[in-house]
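S.K.: Below: sequence and its predicted model.
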Amino acid sequence: MSAAAVFSGWHLWSCVKFSGFQLYAVEAAENLEIKCEGVALGSDAVVDDVSVAEVWKRLETDKNAQLVDVRTRPEWAFVGVPDVSGLGRRVIMMEWQTFPDNRVDAGFQERLSGVLEAAGVKKDADLFFICRSGGRSRMAAEAMAEAGYARCHNVADGFEGPLDAGRHRGNLAGWKSAGLPWVQG
């Protein structure tokens with residue numbers, strides 16, 4: 001099964017292949033064509049949005065839950081990272097898109113699966129994926145759900161949340177805005 005969509009005014013150059021499907025985007029004149037081939041629509045893999053407060057509560061109470069930050073190294077270094085050390089935990093940090101070209105990392109599923117396995121995280125554990133505002137983390141969570149991880153969740157509003165009226169992040173919603181612990185990378 002395949003699907004395609006065209007969006008005007010967007011510029012994205014990404015290509016990623018997951019088990020069973022390939023997602024790629026190509027720029028054509030002023031339009032961007034996004035194609036998804038071989039996607040099993042109606043899959044059992046469901047990714048839900050979870051508030052940052054709920055994520056924190058689940059990390060406090062569920063020793064098997066894991067937070068995965070899929071932003072880029074520069075974001076970790078210059079914007080900060082969630083600090084779960086007070087819970088006796090660490091955040092798994094794995095870029096969904098490479099920097100500086102912003103290409104989806106075709107090896108993401110395999111690399112993250114290896115890190116999760118090495119950390120003793122089972123495929124039925126709650127995995128919470130976070131990025132800047134919830135877009136990349138949703139795609140990463142969906143990819144890992146397709147890889148067989150049964151309980152993948154997107155952290156709604158991400159680390160910084162949406163832009164405010166002054167076009168700044170971190171004031172309206174997200175991890176930082178909620179006052180949850182974070183450190184400068």
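M.R.: Happy to help now that I have it. Numbers count the residues shown, from 1 in each chain.
S.K.: what sits against the residue most central in space within the chain?
M.R.: Nearest to the geometric centre of the chain sits S137, at 1.6 Å (C-alpha atoms, centre = their mean). When contacts are counted by C-beta atoms under 8 Å, 6 or more residues apart in numbering, S137 is found next to V70, W96, F129, I130, C131, N154, V155, G158. Glycine gets a C-beta too; all of them are placed from N, C-alpha and C.
S.K.: go with 7 Å
M.R.: Neighbour list for S137: V70, F129, I130, C131, N154, V155, G158 [criterion: C-beta atoms under 7 Å, 6 or more residues apart in numbering].
S.K.: can you tell me the average pLDDT over the helix or strand hosting it?
M.R.: In this assignment (DSSP states H and E), S137 forms part of helix 135-146. Taken as a whole, helix 135-146 has an average pLDDT of 96.
S.K.: Could I have the CA atoms of it written out in PDB?
M.R.: Output in PDB follows, covering the C-alpha atoms of helix 135-146 (Å, rounded to 0.1, in the frame of the first residue of the first chain):
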ATOM      1  CA  GLY A 135       7.000  16.300  15.900                       C
ATOM      2  CA  ARG A 136      10.200  14.400  15.600                       C
ATOM      3  CA  SER A 137       9.400  12.400  18.800                       C
ATOM      4  CA  ARG A 138       6.100  11.300  17.400                       C
ATOM      5  CA  MET A 139       7.800   9.900  14.200                       C
ATOM      6  CA  ALA A 140      10.500   8.200  16.300                       C
ATOM      7  CA  ALA A 141       7.900   6.700  18.600                       C
ATOM      8  CA  GLU A 142       5.900   5.400  15.600                       C
ATOM      9  CA  ALA A 143       9.100   3.900  14.100                       C
ATOM     10  CA  MET A 144       9.900   2.000  17.400                       C
ATOM     11  CA  ALA A 145       6.300   0.800  17.700                       C
ATOM     12  CA  GLU A 146       6.700  -0.600  14.200                       C
END
